[in-house]
Structures are given as C-alpha cells and as structure tokens.
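> All I have is the shape, not the residue letters:
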C-alpha cells in the first residue's frame, strides 16, 4: 500500500521498538515514522503530527491506563485529546482529515460523535487491538475499512476443522493461519479447549473444566510464532455477505 504510517504515542521510540519487536519478531518497518507525544500542548502535537500531509488520524484508547483507571476515565483522556486535535484541524482549515476514535463506553461514543471532524467511532476495545493485525498484514485493509465505515462484519467462533479448509490437525502457528485467510474471513485468535487437561486432572480437572466453561481462556492477536492448540476454536472476523466456513 502506498501509505505513510506515523505512530504518535507517549512511549519513547526505544520503548515502542522493543514492544513491536517482541510482538512481531521483526524490526520496525522502514516506512514507519514514530514520534513521542504526551498531548500536553498544541505545540507538542504540531511537532509530532504533520497535519498538512495527513488525511486520517486513528485515536486509540490508552491501553497503559487499563490497570489503574476506569473506562470512563480512559475515555475522558481520549476526548481531551480529540478536542485538541479537532481545534487544530479547524484552525488550520484541514476539514478533510477523518478522525477515527476508539472509546470504551457507549456514553462516550455519543459525546464523540458530536465533535466536529470526527467521522467514525470504533467502539469495542477488541477492534483497537486488531489494528496490530492489520498493520502486520496489509492484505486485510479491506476488512478494516469495512469495520470502520460500513459495519457489516461479525465476530465468529469455529473449530479449526470448520474454520480452515484442509485442516488435518497437528501443529500450526498463528502466522500460518493468517497466511491461509483472505479479506472476507480473518482469524483474530482462539478459545482454548481444556477437555484433555480436565480429563487428566480427575476431580480437580472437572472443577477446572466447569470454571472454564463460565470463563473460557481466549487469546487475541497472539504473536505469529504462537502454536495453536489442536483442540482450540478459532475466533475470526467474517463479512456477512461473503462468509465461507472453508476459507
């Protein structure tokens, strides 16, 4: 894709590169530009974001606050950043910039939709996490565009045999699973099946199984090198009009 991606975050560039390398097992792409910005002033934002050459800004909820703040507090921080960006865009006469904002609560979505220059809202936190997948796999851009513009996407859970055509069991990594998908059906992760562990554990295993049925273990956006458990169910996106359970 002929796209220049500029990442603006409150991490340092070294911290971001370390996080990216840990997840993708590769260095930062050459076309990616990173700028540290804490949104403390308009001058700081202008130095980090070149509004003249920007046509789309995706503002994600600050995941680093999740362990010490409520969704409402996180959304308040997001709205503060959004208002600053909106004022800068209006002042510079850059009304063509599309602002795409992630919020964690429905109340915040209502507020955000009434802010000028904000054309779309990403509601679920899960969708924000998916950006990593879309950035690593450019072929999935059509699905991302559908999510933020049209909304005809479902999240579905299927066994490996139903989700992947020709699957015969055995070890497969998440990266291999991604390579088998197409823009109408994209894997996000998996739900682990613990039946085998429960059977081996006797009464304790039965108790564990009962608990897991209430709160199953789900892995979203795992590293590409992660091996998928043989009995896992795959969680994936599919387009409502094009879904084919055989990929």
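Now that the structure is in, tell me what you want to look at. Just so it is clear, the model here is predicted, and its values are computed rather than measured. Numbers count the residues shown, from 1 in each chain.
> Contacts only, for residue 32.
With contact set as C-beta atoms under 8 Å, 6 or more residues apart in numbering, residue 32 has these partners: 5, 6, 7. C-beta here means a position set from N, CA and C on the backbone, and glycine is covered the same way.
> Spatially nearest residue to the second one, not counting backbone neighbours?
Nearest in space to residue 6, with sequence neighbours left out and distances taken as C-beta to C-beta, 6 or more residues apart in numbering, is residue 33 at 4.6 Å.
> Wasn't the one you found part of a strand?
Yes - applying DSSP: H, G, I helix; E, B strand; the rest coil, one finds residue 33 inside a strand.
> Use 341 as the first number from now on
All right, first residue 341 from here; so that's residue 373.
> Just give me the neighbour total for it.
As a burial measure, residue 373 scores 14 neighbours (other C-beta atoms under 10 Å).
> Go ahead and confirm it touches residue 343.
No - judged on C-beta atoms under 8 Å, residue 373 makes no contact with residue 343 at a distance of 11.5 Å.
> can you give me the helices in the chain?
353-364, 382-388, 411-431, 446-453, 465-476, 481-489, 500-503, 514-520, 535-540, 542-554 (DSSP state H).
> so who does the residue nearest to residue 346 touch?
344, 345, 346, 347.
> distance of the second one from residue 414?
For residue 345, the distance to residue 414 (C-beta to C-beta, to the nearest Å) stands at 24 Å.
> between the two, who's got more neighbours?
Taking other C-beta under 10 Å, residue 345 and residue 414 do not tie; residue 414 has more neighbours (23 against 12).
> Would you check that the more buried one makes contact with residue 400?
No - using C-beta under 8 Å, residue 414 is not in contact with residue 400; the gap is 10.3 Å.
> ok so, going back, from the contacts of residue 372, which one has the minimum pLDDT?
Across the set of the contacts of residue 372, residue 345 stands lowest in pLDDT, at 84.
> Look up the closest residue to it, ignoring the ones flanking it.
Closest to residue 345 by C-beta to C-beta, 6+ apart is residue 372, at 5.2 Å.
> quick one, domains of this protein?
345-489, 493-579 (automatic domain parsing).
> And the average pLDDT for stretch 366-374 is what?
83.
> isn't residue 569 right next to residue 530, touching?
Yes - judged on C-beta under 8 Å, residue 569 makes contact with residue 530 at a distance of 7.1 Å.
> between the two, who's got more neighbours?
Neighbour count, other C-beta under 10 Å: between residue 569 and residue 530, residue 530 has more, with 26 against 17.
> List the contacts of the more buried one.
Applying C-beta under 8 Å, 6+ apart, the residues near residue 530 are 558, 559, 562, 568, 569, 572, 573, 574, 575.
> Okay, and the beta partners of the last one?
This means residue 575. residue 497, residue 529 (DSSP bridges).
> pretty sure it is touching residue 526, no?
No - counting by C-beta under 8 Å, residue 575 sits too far from residue 526 to count as a contact (10.1 Å).
> Which residue of the two possesses the greater neighbour count?
Taking other C-beta under 10 Å, residue 575 and residue 526 do not tie; residue 526 has more neighbours (24 against 19).
> Can you pull out the low-pLDDT segments for this protein?
341-342, 403-408, 459-495, 500-511, 521-524, 532-557, 579-587 (pLDDT under 70).
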